[in-house]
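>>> Take a look and give me a structure for this.
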Amino acid sequence: MRLVEEVCAKTQEYLQTVSKATRKTIGQFFTPVSIADYMGKMQSYQNNAVYVLDPGAGSGILSAALIDNLISKGVKHIEVDLYENNQEIIPLLESNFRYILNQLQTEGVALKYHIINKNFIEENHFEWTGLLPSKRYDIVISNPPYKKIGKSAVEASVMSDIVYGQPNLYFLFMAMGAKLLKKGGEFIYIVPRSFSSGLYFSKFRKWFFSEMRITNLHLFTSREAVGGTHDNVLQETIILKAVKTDEQTPSIIISESVDEFCAKAINSYTVNYDTCVSDNDHAFLYIPTSEQDAMILDFVNSWNANLPSLGFKMKTGLLVDFRERDWLEQTPNSNTVPLLWAYNFHGQKVRFPVEVPGKPQYLKDEPSTKRLQMNKGNYVLLKRFTSKEEKRRLQCVLLFEDDFSDYRSISTENHLNFITKENGRMLQEEMYGLYVLLNSSYLDRYFRILNGSTQVNATEINSIPFPSIGIIKEIGCNAMGCLDLNESLCDAIIEDQFIHKQIRKVM
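Model (predicted):
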């Protein structure tokens with residue numbers, strides 16, 4: 001039996017004694033053996049002696065898989081530092097590594113291991129700040145804890161230079177692991193995909209991409225697969241391999257599998273490094289999985305504007321319903337204004353009012369609610385949340401000022417976003433142009449490549465490329481006479497603007 005299989009068998013026995021709720025409170029999720037095995041085989045470090053770091057070691061599954069792979073390649077000296085500060089699992093980790101030590105002795109492999117029962121981030125505080133030497137490991141492999149922490153938590157304080165907003169332990173473990181690698185060292189992590197975009201992770205991404213070069217990304221087409229039979233973790237998760245180097249990496253290998261059996265890849269694709277890793281202020285990580293995805297990235301990234309530069313901005317709906325229940329009304333009167341929800345989306349326009357139980361359509365118009373109101377105007381609305389089963393992530397409608405002429409103002413619920421013109425009234429051709437772009441398969445697919453989440457954040461939409469205002473107006477004028485601006489028609493309008501029109505120019 002391979003080492004990883006024995007360790008996994010003992011881990012399954014442990015899981016029978018600890019509830020999932022208990023493990024969730026500390027961010028503890030175990031790696032299925034097939035994923036651990038796949039990650040262990042990703043290493044390609046060439047040396048007879050290897051120094052390994054496993055932060056958040058748990059029961060030692062990942063280290064066991066890595067050691068299996070190292071000894072299969074003839075490595076004779078292995079040293080492993082295993083950080084784990086959960087007292088309950090330390091005895092299992094110790095038992096597993098005594099077993100591994102005994103097995104390796106029979107094969108003539110020298111193993112040293114150190115179980116460090118301390119906080120990984122806090123213990124390496126001075127390495128992070130540069131007061132102590134930090135580059136000492138050949139390989140770091142990890143399934144880090146997934147847990148949000150407060151801004152004042154010790155881990156966030158230690159690594160405050162890459163923290164923005166509410167931090168999560170997993171990306172701090174990524175950064176510290178990378179910091180502790182030697183030059184040329186290999187980084188193999190299984191992590192949520194959420195770090196790839198969004199404002200909260202921007203400082204981390206800029207730091208990480210300046211230190212590391214990604215070589216491999218592996219995706220799972222099923223979110224449930226990653227948790228195996230233990231956890232059913234519904235985060236969209238990736239396996240990432242990177243190398244600590246200053247050398248340019250021409251490409252990234254991207255692969256996918258349907259379930260946790262990563263070796264049975266359904267797709268493998270090599271993409272240019274610069275197509276995946278942007279070098280602008282946002283430092284987004286794009287994950288295309290086909291040649292068509294790469295073409296869409298190149299097409300949209302050729303646009304040289306964004307909403308703020310064009311005078312627009314997407315914002316989040318103003319009202320959080322459970323906080324403002326006292327101000328909500330089911331029926332209108334002379335002292336109410338419309339409250340729009342994602343439930344008011346109908347086709348390409350807003351339908352108001354609608355009857356949805358528990359979703360009042362009106363807000364009391366009083367001095368205390370002025371903070372929850374916005375001027376009547378022309379807007380493009382987008383849903384903030386969609387279900388993972390829905391075909392589209394970007395779902396939008398047009399809101400016309402004239403449709404609410406009987407009211408002084410309107411309000412928007414927090415589960416939708418709205419695009420507004422910062423100065424002046426949004427013209428109808430601008431509205432329609434923005435709608436066509438957002439309702440096309442091009443921007444919807446672009447967003448999916450950028451963000452694996454079902455949430456549409458204002459930060460990302462304000463950051464992604466848009467064409468010039470002149471082109472937006474042209475697109476809008478071509479769309480204004482259409483009764484049903486479905487995705488196919490929006491695609492056709494965009495293709496006519498950017499492809500067919502260019503062909504006609506040169507003919």
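>>> wait, isn't Leu172 in contact with Met159?
Yes - here Leu172 lies in contact with Met159, judged by C-beta atoms under 8 Å, at a distance of 5.3 Å. For glycine as for every other residue, the C-beta is placed from the backbone atoms N, C-alpha and C.
>>> Mutual contacts of the two, please.
Common neighbours of Leu172 and Met159, counting by C-beta atoms under 8 Å, 6 or more residues apart in numbering, are Ile121.
>>> Give me the domain ranges for the chain.
Following automatic domain parsing, one finds the domains of the chain at 3-209, 308-506.
>>> Dump those into TSV; add mean neighbour count as well.
Below are those laid out as TSV (neighbours: other C-beta atoms under 10 Å):
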stretch	mean neighbour count
domain 3-209	19
domain 308-506	17
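>>> Select, out of those, the one closest to Ser257.
Ser257 lies closest, by C-beta to C-beta, to one member of the domains of the chain: domain 3-209, at 8.6 Å.
>>> Which stretches in the stretch 251-400 of the chain count as helices?
273-276, 291-301 (DSSP state H, counting those that start in this stretch).
>>> Turn these into CSV, including mean neighbour count and mean pLDDT.
Formatted as CSV, these follow (neighbours: other C-beta atoms under 10 Å; pLDDT from 0 to 100):
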stretch, mean neighbour count, mean pLDDT
helix 273-276, 17, 93
helix 291-301, 16, 92
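>>> how about the ones you listed, which one is nearest Leu219?
helix 291-301 (11.7 Å).
>>> tell me which strands and helices the closest one is in contact with?
Applying 3 or more C-beta pairs under 8 Å, 6 or more residues apart in numbering; DSSP states H and E, one finds that helix 291-301 contacts strand 265-272, helix 273-276, helix 441-450.
>>> quick one: which of these is nearest Ala492?
Nearest to Ala492, of those and by C-beta to C-beta, is helix 441-450 at 10.7 Å.
>>> Let me know the angle separating that closest one from helix 291-301.
110 degrees (axes from the mean of the first three to the mean of the last three C-alpha atoms, to 10 degrees).
>>> tell me the mean pLDDT over the very next helix or strand once past helix 441-450?
Next helix or strand after helix 441-450 toward the C-terminus (DSSP states H and E): helix 458-463. Computed over helix 458-463, the mean pLDDT rounds to 92.
>>> next structured bit after helix 458-463?
Assigned by DSSP H and E, the successor of helix 458-463 is helix 469-479.
>>> Save the domains of the chain as JSON lines, and put in distance to Ser255 too.
What follows is the domains of the chain, written out as JSON lines (distance: least, C-beta to C-beta, whole Å):
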{"stretch": "domain 3-209", "distance to Ser255": "10"}
{"stretch": "domain 308-506", "distance to Ser255": "15"}
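>>> closest one to Lys241 among these?
Using C-beta to C-beta, the domains of the chain put domain 3-209 closest to Lys241, at 5.0 Å.
>>> what is the rounded mean pLDDT of the closest one?
91.
>>> Let me see the ranges of the strands in the stretch 1-150 of the chain.
Assigned by DSSP state E, counting those that start in this stretch, the stretch 1-150 of the chain shows strands spanning 49-55, 77-83, 110-116, 137-142.
>>> out of those strands, nearest to Thr31?
Among those, strand 137-142 sits nearest to Thr31 (C-beta to C-beta), with 9.5 Å.
>>> Ok, which of the domains of the chain comes nearest Gln248?
domain 3-209 (12.4 Å).
>>> from the chain's centre, how far out does that closest one sit?
Remark: domain 3-209 is offset 20 Å from the chain centroid, using C-alpha atoms, centre = their mean, to the nearest Å.
>>> Quote the end-to-end distance of it.
34 Å (C-alpha to C-alpha, to the nearest Å).
>>> Against which helices or strands is whatever helix or strand Ser202 lives in packed?
Ser202 belongs to helix 202-211 when assigned by DSSP H and E. The contact analysis (3+ C-beta pairs under 8 Å, 6+ apart) places helix 202-211 against helix 169-179.
>>> can you tell me which residues contact Thr11?
By C-beta under 8 Å, 6+ apart, the contact set of Thr11 is Phe30, Gly58, Ser59, Ile61, Leu92.
>>> starting at the chain centroid, how far to stretch 278-286?
In terms of C-alpha atoms, centre = their mean, the centre of stretch 278-286 is found 13 Å from the chain centre.
>>> what's that stretch in contact with?
Taking C-beta under 8 Å, 6+ apart as the rule, stretch 278-286 contacts 195-197, 202, 205-206, 209, 214, 275-277, 297, 449-450, 463.
>>> cool, and stretch 113-121?
With contact meaning C-beta under 8 Å, 6+ apart, stretch 113-121 is reached by 55-57, 79-85, 87, 90, 93-94, 97, 100-101, 123, 128, 154-155, 158-159, 169, 172-173, 176.
>>> Okay then, goodbye and thanks.
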